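1. Using only what follows, build the 3D model:
(2 chains)
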Amino acid sequence: MSAFVDRFPQEARVVRAAMYSSFVALFIGGVFGIIQTLHRTDFVRIIDSTKYYDVLTGHGVFMVITFTIFFLVAVFTWAVTSSLDRPVEDIRFTWSWYGLMSLGTVFVAIPIFAGFFDSIDMSAAVLFTFYAPLQAHPLFYIGLTIFVIGTWLAGADWFRSWWAWKQDHPDERIPLQTFMVLTTMIMWYVSTLGVALSILLFLLPWSLGLIDTVNPLLTRTLFWYFGHPVVYFWLMPAYLLWYTVLPKLSGGRLFSDPLARVVFVLFLLLSTPVGIHHQYVDPGIAEGFKFIAMTNTMFLLLPSLLTAFTVVASMEHGARQRGGTGKLGWLKSLPWRNPAFTGMALAGLMFAAGGFSGMINAGMNINYLIHNTLWVPGHFHLTVGTAVALTFMAGTYWLLPQLTGSRLYSRSIGLFQVVLWFIGMTFMSNAMHRAGLLGVPRRTAEPQYREVTFEAAIGTVGELDAQIALGGTLLFLSLILFLGNVLITALGRRVEDPVDGTLPPALSGPEDSPEVLDNIRLWTAIAVVLVLLAYSLPIASIVRDGGLFGLGGEAFPVSVDLSTLLEVLR
Amino acid sequence: MSRISKTGLLILSGFSIPILVELRTLLSFVNIEISAEAAMAIGAIYLAVLILYGTFPEADESNTGS
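-> Okay, the predicted model is just below:
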């Protein structure tokens, strides 16, 4: 079978553009990452500590908004086009949402970068979690809005493709990859409603001076209404690759198509009504609502455990097809030389560790131990920073040749790169978790206070800092190797069949799954009801207690002279 | 032919890192305390032995004479 670029050249161009955009963001985010790692640990300081929040905002926004979501739209466009085996309905529409996303990114980037220049009266040092009382320049909020609208239109494009396909195939089941895309996008539509309300009703008018105050708890709650499902928005393309590509790379077939559908339905239902678990220490939200959020969160373990079972079963099947035997001996028969396989397998392994630390975060009482400590960045560097990012990198090694028609430049560099990421993340994330247990705070350039000492049961804080700095440096090196490999591959000459892009059918196919699983309207309705149950009473209570636009009085934003504060801390 | 391929050595070394990084914590569970330098030395020796063992040529079964 010919490569994707030969069958769908116009779509391949859009997918490439989105993918390259994500890699530019990855590079910028990575540079901010190494700067903050070495700054926090006090090994190398090239910025003033007062600029730390600008760096942190850049790292967060470019990594978890721009890199992940541009890559997501690339993977989803490829997945819908290839699984339906039809071009998009109108390529101009496809380019238009890509254009909107790019324009939104530029608008968001301008105030972030302007924050580094004191001569420019513009900044957006509000972090990725951009709720009040921190306030950004209006351009930041306008850019985010345009970016999200771009993703909404991308979803509409994929729904349109599916609808057109359905007219031609009225009695067929939705192809698995398209099913995954559609359920993910419904979850995205439901969840982005919160952040859209937060920006358009409160943050943007407030930054423009149209309203004097906002209710900070309301903007926090609306952010986290979106802030937890966005985690699954990053993860779902990784899941799509684990379910549909990893079994093929292992040499076998997906173990169960019905289980995969169940998992995506569960994520649609359960991703959104859990956001309050990020607000366990927020005053103003009754403990009962937090308890409900915790219970819902624990149910989310179910689809993750189902995924672990299905993906590992598929890998085992592949290994046995390749001649593997024994209870664990089959592991040796997996294609470890293939960086696409090894990267995804290592990403899945680290995701398991991230799931364990996530359970600590989700447990209401034990969360108090690690809340707002360095444990939390340690956790999400395992999930989004490895399960997602490493899977995307590994997936690129398999996908990019299909999009460019040229072979991967170096499998050896690719293999070394994914293992280096694993090692670097082991050092960095593990030390972050341990530092968090000692109470070392997150989100600060100066984690060591003069009158406070953090006592480690084993080792010292200095050793943990050294591990964090070492890990961060290895990760940055890995990132440069990845980008170099990708760049040379993209510039490579076209060849016939650069990679085998066919995906074999599942062992247990769609014919084995109940038809109700494809009833997208039903699952959407249940998801909306669950959101209403989880959020209507807490939001009514927050508005009743704190007012829709705050209680008046002292106007936000909170203003602190950072240089004076730093002097006090020193 | 070596006992473990280069790929195998790379993957095994990668998998070993989490254990080596947390070796001191693991040992502390059984009340054994070692210094950071000792932990690094153990890690270096382990990796050196692994690489030496892996790159050593496999015994030729036709010459074993058993």
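
2. Flag every residue of chain B that's near chain A.
-> B:5, B:7-8, B:10-11, B:13-14, B:17-18, B:21-22, B:24-25, B:28, B:33, B:36 (CB under 8 Å from any CB of the partner chain). Quick note: C-beta positions are derived from backbone N, CA and C, even for glycine.

3. so where does residue A:252 fall, helix or strand?
-> Here residue A:252 sits in a region with no helix or strand, counting by DSSP states H and E.

4. which helix is the longest one in chain B?
-> Among the elements of chain B assigned as helix by DSSP state H, the one spanning the most residues is helix B:36-55.

5. Now that helix - C-alpha only, PDB.
-> Taking C-alpha atoms only, helix B:36-55 is exported to PDB below (Å, rounded to 0.1, in the frame of the first residue of the first chain):
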ATOM      1  CA  ALA B  36      25.600   8.800  48.000                       C
ATOM      2  CA  GLU B  37      29.100   8.100  46.900                       C
ATOM      3  CA  ALA B  38      28.800   4.400  47.800                       C
ATOM      4  CA  ALA B  39      25.400   4.200  45.900                       C
ATOM      5  CA  MET B  40      27.100   5.800  42.800                       C
ATOM      6  CA  ALA B  41      30.000   3.400  43.100                       C
ATOM      7  CA  ILE B  42      27.600   0.400  43.300                       C
ATOM      8  CA  GLY B  43      25.700   1.700  40.300                       C
ATOM      9  CA  ALA B  44      28.900   2.200  38.200                       C
ATOM     10  CA  ILE B  45      30.200  -1.200  39.100                       C
ATOM     11  CA  TYR B  46      26.800  -2.800  38.300                       C
ATOM     12  CA  LEU B  47      26.700  -1.100  34.900                       C
ATOM     13  CA  ALA B  48      30.300  -2.000  34.100                       C
ATOM     14  CA  VAL B  49      29.700  -5.600  34.900                       C
ATOM     15  CA  LEU B  50      26.500  -5.600  32.900                       C
ATOM     16  CA  ILE B  51      28.300  -4.200  29.900                       C
ATOM     17  CA  LEU B  52      31.300  -6.500  30.200                       C
ATOM     18  CA  TYR B  53      29.000  -9.500  30.600                       C
ATOM     19  CA  GLY B  54      26.900  -8.400  27.700                       C
ATOM     20  CA  THR B  55      29.700  -7.700  25.300                       C
END
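
6. And the contacts of that helix?
-> Residues outside helix B:36-55 that contact it (CB atoms under 8 Å, 6 or more residues apart in numbering or on different chains) are A:459, A:463, B:2-4, B:8-9, B:12-13, B:16, B:20, B:23-24, B:34.

7. next one: it to chain centre, how far?
-> 6 Å (CA atoms, centre = their mean, to the nearest Å).

8. Please, where are all the helices along the stretch 401-550 of chain A?
-> A:411-437, A:461-490, A:520-546 (DSSP state H, counting those that start in this stretch).

9. Need the winner for burial among those.
-> The highest average neighbour count among those, using mean count of other CB atoms under 10 Å in any protein chain shown, belongs to helix A:411-437 at a mean of 24.

10. what's the angle between that one and helix A:461-490?
-> 150 degrees (axes from the mean of the first three to the mean of the last three CA atoms, to 10 degrees).

11. Summarise which helices and strands helix A:411-437 is packed against.
-> Judged by 3 or more CB pairs under 8 Å, 6 or more residues apart in numbering or on different chains; DSSP states H and E, helix A:411-437 is in contact with helix A:339-362, helix A:364-370, helix A:375-382, helix A:389-404, helix A:461-490, helix B:6-21.

12. burial measure for residue 10, as a count.
-> With no chain named, the answer covers chain A. 13 (other CB atoms under 10 Å in any protein chain shown).

13. sorry, should have said chain B
-> Neighbours of residue B:10 (other CB under 10 Å): 20.

14. Please report how far the spatially closest residue to it that is not a sequence neighbour lies from residue A:407.
-> Using CB to CB, 6 or more residues apart in numbering or on different chains and skipping the chain neighbours, the partner closest in space to residue B:10 is residue A:419 (5.4 Å). To residue A:407, residue A:419 is 21 Å away according to CB to CB, to the nearest Å.

15. Residue A:287 now?
-> Counting by CB to CB, the gap from residue A:287 to residue A:407 is 58 Å.

16. okay, those two: which has more neighbours?
-> residue A:407 (17 against 9).

17. give the contact list for the residue nearest to residue A:307 when sequence neighbours are not counted.
-> Leaving aside its sequence neighbours, residue A:307 sits nearest to residue A:263 (CB to CB, 6+ apart; 5.6 Å). Contacts for residue A:263 (CB under 8 Å, 6+ apart) come out as A:239, A:303, A:306, A:307, A:310.

18. Restricted to helices, list the residues you listed.
-> Per DSSP H, these map to helices at A:239, A:303, A:306, A:307, A:310.

19. Between the residues you listed, which sits nearest residue A:542?
-> residue A:303 (29.2 Å; CB to CB).

20. Now do the contacts for that closest one.
-> Contacts of residue A:303 (CB under 8 Å, 6+ apart): A:262, A:263, A:264, A:266, A:267, A:270.

21. CA-only coordinates of stretch A:241-256, as CSV, when you get a sec.
-> C-alpha atoms of stretch A:241-256 as CSV (Å, rounded to 0.1, in the frame of the first residue of the first chain):
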residue,chain,number,x,y,z
LEU,A,241,-1.3,5.4,19.2
TRP,A,242,-1.0,2.8,22.0
TYR,A,243,-4.2,1.1,21.0
THR,A,244,-3.9,1.2,17.2
VAL,A,245,-0.2,1.6,16.4
LEU,A,246,1.7,-0.1,19.2
PRO,A,247,0.2,-3.5,18.7
LYS,A,248,1.2,-3.4,15.0
LEU,A,249,4.7,-2.3,16.0
SER,A,250,4.9,-5.2,18.4
GLY,A,251,4.2,-7.5,15.5
GLY,A,252,0.6,-8.4,16.4
ARG,A,253,-2.9,-7.0,16.5
LEU,A,254,-5.0,-5.0,19.0
PHE,A,255,-6.4,-7.5,21.6
SER,A,256,-9.9,-6.0,21.8
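
22. chain center to that stretch: distance?
-> 22 Å.

23. what about that stretch, average pLDDT?
-> Mean per-residue pLDDT for stretch A:241-256: 96.

24. Could I get the buried residue list for that stretch?
-> Going by neighbour count (16 or more other CB atoms under 10 Å in any protein chain shown), the buried part of stretch A:241-256 is A:241-256.

25. Show me those residues that map onto helices.
-> A:241, A:242, A:243, A:244, A:246, A:247, A:248, A:249, A:250.

26. Distance to residue A:199 added to the residues you listed, as TSV?
-> Shown next, in TSV, are those (distance: CB to CB, whole Å):
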residue	distance to residue A:199
A:241	31
A:242	32
A:243	33
A:244	34
A:246	36
A:247	40
A:248	40
A:249	40
A:250	43
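
27. who in chain A is up against chain B?
-> So chain A meets chain B at A:336-337, A:342, A:346, A:415-416, A:419, A:422-423, A:426-427, A:430, A:457-459, A:463, A:467 (CB under 8 Å from any CB).

28. Can you give me the buried ones in stretch B:28-47?
-> B:39, B:43, B:47.

29. so can I have JSON lines of those residues showing pLDDT?
-> Formatted as JSON lines, the buried residues of stretch B:28-47 follow (pLDDT from 0 to 100):
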{"residue": "B:39", "pLDDT": "93"}
{"residue": "B:43", "pLDDT": "95"}
{"residue": "B:47", "pLDDT": "95"}
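
30. So which of those is the closest to chain A?
-> Checking the buried residues of stretch B:28-47 against chain A with CB to the nearest CB, the nearest one is residue B:39 at 8.9 Å.

31. how close does that closest one sit to residue B:21?
-> Distance, residue B:39 to residue B:21, using CB to CB: 9 Å.

32. next one: residue A:285
-> Distance from residue A:285 to residue B:21, by CB to CB: 38 Å.

33. Repeat that for residue A:162.
-> 46 Å.

34. What of residue A:279?
-> 33 Å.

35. How about residue A:100?
-> 44 Å.

36. re earlier: the helices of the stretch 401-550 of chain A into TSV, with extra columns for mean pLDDT and distance to residue A:86?
-> What follows is these, written out as TSV (pLDDT from 0 to 100; distance: least, CB to CB, whole Å):
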stretch	mean pLDDT	distance to residue A:86
helix A:411-437	96	32
helix A:461-490	97	26
helix A:520-546	96	19
